[in-house]
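*Asks:* Generate coordinates for the sequence data below:
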Amino acid sequence: MKRFLILTMKILAGLLAAIVALLAIAFGAFHTDVVQERLVQKSTELLSDYLQTSVRIEKATVSFIDQGVRLYGVEIDDQQQRKMFQMEELGVDLKLLPLLRKEVSISQAKIRGLEARLYKPATDSDSVANFQFVVDAFKSKKKPQQDSLATDSTQKKKPMTIDVRNLSLEDIKVCYNDTMKAELGSLRYKKNSKGVQTAEVHDLTTSFVKHTKKGPVDTRVSVGVVSATDGDGKRLVTIDNLIYQTDNHQPRKNTGKRHRGAFDVGHFDVLAKLDIQIDSIGKDTLVAQVTNGMASDRGSGLLLTELHLKVNANKRNAHLSDILVKMAHTSLNIASADIQLPSKKEQRPLVFSTSQIKGRVLLKDIAQPFAPVLKKFSLPLKLQTQMSGNDNELRFRNVSVSTTDKKLTIAASGRISNLKDKYALRVHFDVHKMATDGAYAERVINQFDVKKFMMKQLHALGHFTYQGHFDVLWKKEQFAGVLNTVPGKLNVQLTLDELNKYVLGTVRTDSFELGKAMDMPDLGKITCKADFKFDISKPRTAQMRKVKGGKLPIGSVQADVAEGSYKKIKVHNLIAELESDGAVATGNITVKGKRVDVLCGFSFTNTNEMKKTKIKPGIRFHKMSDEDKAKRDEERAVKAEAKAAAKAERRAARAEAKALKAEQKAERKALKAEEKAQKAEEKAARKAAKAAEKAARKAAKEAAKGVKNEECGIRNVE
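*Replies:* Purely as a prediction, here's the structure:
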């Protein structure tokens, strides 16, 4: 709508310049009515010829002394003979001497009672707007270039300047295609001798119809007062009583749904106030800061008590910094945020990201607009996260939520996708760790207006942690994760069926001290899987309680206990069933046998007095079922197969042992023969050595005898 207001003002400026140019000669003319009427007639004829349409001026006054022009009853038709512009009064006071220097110095200008009806067929792209001929008529036309030998002084001509000191607009109405309307109560503009400019707008209103997939939405935007000051290096803008309203002519989304928040984009009624300081502004750039702001949606109860931020923006991107958002008891600080501005023409989507968001949050501040269930949630929370996304998805990183006393801490990350389709909308968060204890968990539960069950058992869990994830879908919430408690670890899967109004899920554990959790000392650790389903429909449960009374949940539990103990007796393969009508919970525990089942029935009326549970033992005989028979035959077949396999294995072992024994015997025999041969060889060697020794002794003896005989022979010779 801003574009059309600016366009309208440009057209008015062109008309004003033309009228001033045509009537400028009247400043030196006589002040007689005849002369002025003749001037009006001549001016309207010239304008009609120039614009090729009908131009009417009811009355005009030209004062040479006051140097002013007043026109009354101005009407201009479009080229289809439809009334396009009409003004009750147009007045201009200007100085004559500056005109000689091509300077239009307007000391006072006034427009009152303007009505403009603008049309441009939206279905025909080739058609032109009914005001286009006026724009074309006053559009500057470039003259052909002069000879290149011409001097610069002849090529460049001094442009005409316009200086307006005071401007007043009153009772302005603009209608575009009969679907978009704008009204201005008044505008006052003033420029003093020091160049300080001030402007003040009162009662600016625009209304139009926004067409959506769900139908037309009537939209109205109005501003009570806008004041602006430009001077001394500062540009300040104050917007007061800004109202933004929508009406889709449908019932509010929370009509007949007390659990639903009142926030509804089809029924906005926003009241806002802003103080803006503009540091610099260009054709496609803006550097400014919101020094003070507040807003409230009177229809939903959403209230922003304080808003501060700095913005540095161009045509494509915007950088926000030092962001502060306050509600009644909530305060959020964002150091910086970057936004890629959307453009259909350039096919550029909206994309944004923020730095760390830090703050103190009280959830009841958003209860009325978004979640009435939080209306009593008065625990202050500390919040930290980083946020990014686009027009169809939001992503959250490094989410940290804790109470101020740190007795409840949550670390998570997640995303919200398919924002444009509520049926496909999905909220998914991964809970990296949540830690608290049973007592504090009860305090959190007390923040909600819900019935409390099994609080004593919750306390028995002691300090516990949770790790898992959850999804919020259309009329369904799903949770899955591992709960570590003092009695043991539980693997939990939980679904809240908002469509059929049931809570259902599964719990598994490998080792859980049920007796400690249920205050039943005779029960020991169990290994089991349990399926449960509870009714959360208020109409159904109210009807049941009206008949039965009671304080118990209404639902059922079926559990398969692989192993458990009761009074030092260990049992296996139990089947447990529990049914509760709200007043009395009755159950059965069955230990199945081939022909005999051991039964144990029990009932209770109060989960806080589980020690008083009534237990009724029993026994049941029955024929062997086909299933048991098949199981028995299968066991026999398995046993026979195992026996045959064992026998074959033993036979093979014996044969292997016999073969091994024979092999060992042959090895021993070969070893014995080898030893015998070695002994014989050693004996022969000893015998040979003995004979050699004997021969050596004999040879030595004979040698000695020969020496002796020789000696005897010598002596005989002598």
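*Asks:* so where do the helices sit in the stretch 251-400 of the chain?
*Replies:* Assignment of helices within the stretch 251-400 of the chain using DSSP state H, counting those that start in this stretch yields the ranges 367-370.
*Asks:* Helix, strand, or coil at E656?
*Replies:* What DSSP: H, G, I helix; E, B strand; the rest coil gives for E656 is helix.
*Asks:* now it: how far from A576?
*Replies:* To A576, E656 is 52 Å away according to Cβ to Cβ, to the nearest Å. Any C-beta I mention is one placed from the backbone N, CA and C, and that applies to glycine too.
*Asks:* okay, these two: which has more neighbours?
*Replies:* A576 (19 against 10; other Cβ atoms under 10 Å).
*Asks:* so what's the more buried one up against?
*Replies:* Going by Cβ atoms under 8 Å, 6 or more residues apart in numbering, A576 touches 528, 530, 557-561, 587-590.
*Asks:* now do 7 Å
*Replies:* Going by Cβ atoms under 7 Å, 6 or more residues apart in numbering, A576 touches 559, 561, 587, 589.
*Asks:* would you turn those residues into TSV with neighbour count?
*Replies:* Converted to TSV, the contacts of A576 look like this (neighbours: other Cβ atoms under 10 Å):
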residue	neighbour count
A559	19
V561	19
G587	19
I589	21
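*Asks:* Among the residues you listed, which one sits closest to L184?
*Replies:* Comparing the contacts of A576 against L184 with Cβ to Cβ places A559 closest, at 73.6 Å.
*Asks:* How far does whatever helix or strand that closest one lives in sit from its chain's centre?
*Replies:* A559 belongs to strand 554-566 when elements are defined using DSSP states H and E. Its chain's C-alpha centre and that of strand 554-566 lie 39 Å apart, by Cα atoms, centre = their mean, to the nearest Å.
*Asks:* do the same with stretch 459-470
*Replies:* Relative to the chain's own centre, stretch 459-470 is displaced by 25 Å; criterion: Cα atoms, centre = their mean.
*Asks:* got the contact list for it?
*Replies:* Contacts for stretch 459-470 (Cβ under 7 Å, 6+ apart): 428-435, 437-439, 477-487, 516-517, 519.
*Asks:* so of the residues you listed, which ones are in helices?
*Replies:* 438-439, 516-517 (DSSP state H).
*Asks:* Report the two of those separated the most.
*Replies:* The span of these, defined through Cβ to Cβ, is set by A439 and K516 at 16.1 Å.
*Asks:* For my notes, confirm R650 occurs in a helix.
*Replies:* Yes - counting by three-state DSSP, one finds R650 located in a helix.
*Asks:* To what extent is it buried, counted in neighbours?
*Replies:* Neighbours of R650 (other Cβ under 10 Å): 10.
*Asks:* In contact with it, which residues?
*Replies:* Going by Cβ under 7 Å, 6+ apart, R650 touches no other residue.
*Asks:* Okay, now the sheet partners of the one helix or strand R235 maps to, with direction.
*Replies:* Assigned by DSSP H and E, R235 falls within strand 234-247. Strand 234-247 has these partner strands in its sheet, going by DSSP bridges: strand 215-231 (antiparallel), strand 269-281 (antiparallel).
*Asks:* closest one to A642 among those strands?
*Replies:* Smallest distance to A642 across the strands paired with strand 234-247 (Cβ to Cβ): 75.6 Å, for strand 215-231.
*Asks:* Pull the distance from that closest one to the chain's centre.
*Replies:* Taking mean C-alpha positions (Cα atoms, centre = their mean), strand 215-231 and its chain are 30 Å apart.
*Asks:* so where is the stretch 51-200 of the chain shaky, pLDDT-wise?
*Replies:* 63-67, 95-104, 122-126, 138-162 (pLDDT under 70).
*Asks:* now the strands paired with strand 234-247 as TSV including distance to Y72 and mean pLDDT?
*Replies:* Formatted as TSV, the strands paired with strand 234-247 follow (distance: least, Cβ to Cβ, whole Å; pLDDT from 0 to 100):
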stretch	distance to Y72	mean pLDDT
strand 215-231	29	92
strand 269-281	37	94
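*Asks:* May I see the ones you listed organised as CSV, with mean neighbour count added?
*Replies:* Shown next, in CSV, are the strands paired with strand 234-247 (neighbours: other Cβ under 10 Å):
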stretch, mean neighbour count
strand 215-231, 16
strand 269-281, 16
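*Asks:* And these: which comes nearest V135?
*Replies:* strand 269-281 (24.6 Å).
*Asks:* so how far is the first residue of stretch 356-366 from its last?
*Replies:* The straight-line separation of the ends of stretch 356-366 (Cα to Cα, to the nearest Å) is 21 Å.
*Asks:* What residues of that stretch count as buried?
*Replies:* Residues of stretch 356-366 classed as buried: 357, 359, 361-366 (neighbour count, 16 or more other Cβ atoms under 10 Å).
*Asks:* okay, among those, which ones form the most distant pair?
*Replies:* Of all pairs drawn from the buried residues of stretch 356-366, the greatest distance, 19.7 Å, lies between I357 and K364 (Cβ to Cβ).
*Asks:* does A228 have beta-bridge partners, and which?
*Replies:* With DSSP bridges as the criterion, A228 is bridged to A199, V237.
*Asks:* which stretches of the stretch 451-600 of the chain aren't confidently modelled?
*Replies:* In the stretch 451-600 of the chain (pLDDT under 70), the answer is 592-599.
*Asks:* what about the strands in it?
*Replies:* 463-473, 476-484, 489-497, 502-513, 525-535, 554-566, 569-581, 585-591, 596-604 (DSSP state E, counting those that start in this stretch).
*Asks:* Tabulate those strands in a markdown table, adding columns for distance to L51.
*Replies:* What follows is the strands of the stretch 451-600 of the chain, written out as a markdown table (distance: least, Cβ to Cβ, whole Å):
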| stretch | distance to L51 |
| --- | --- |
| strand 463-473 | 62 |
| strand 476-484 | 65 |
| strand 489-497 | 69 |
| strand 502-513 | 73 |
| strand 525-535 | 77 |
| strand 554-566 | 81 |
| strand 569-581 | 86 |
| strand 585-591 | 89 |
| strand 596-604 | 93 |
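*Asks:* out of those, which comes closest to F131?
*Replies:* With Cβ to Cβ as the criterion, F131 lies closest to strand 463-473 of those, at 51.0 Å.
*Asks:* Quick check: the gap between V290 and L90.
*Replies:* With distances taken as Cβ to Cβ, V290 is found 37 Å from L90.
*Asks:* higher neighbour count, the two?
*Replies:* A count of neighbours by other Cβ under 10 Å puts L90 above the other of V290 and L90, at 23 against 19.
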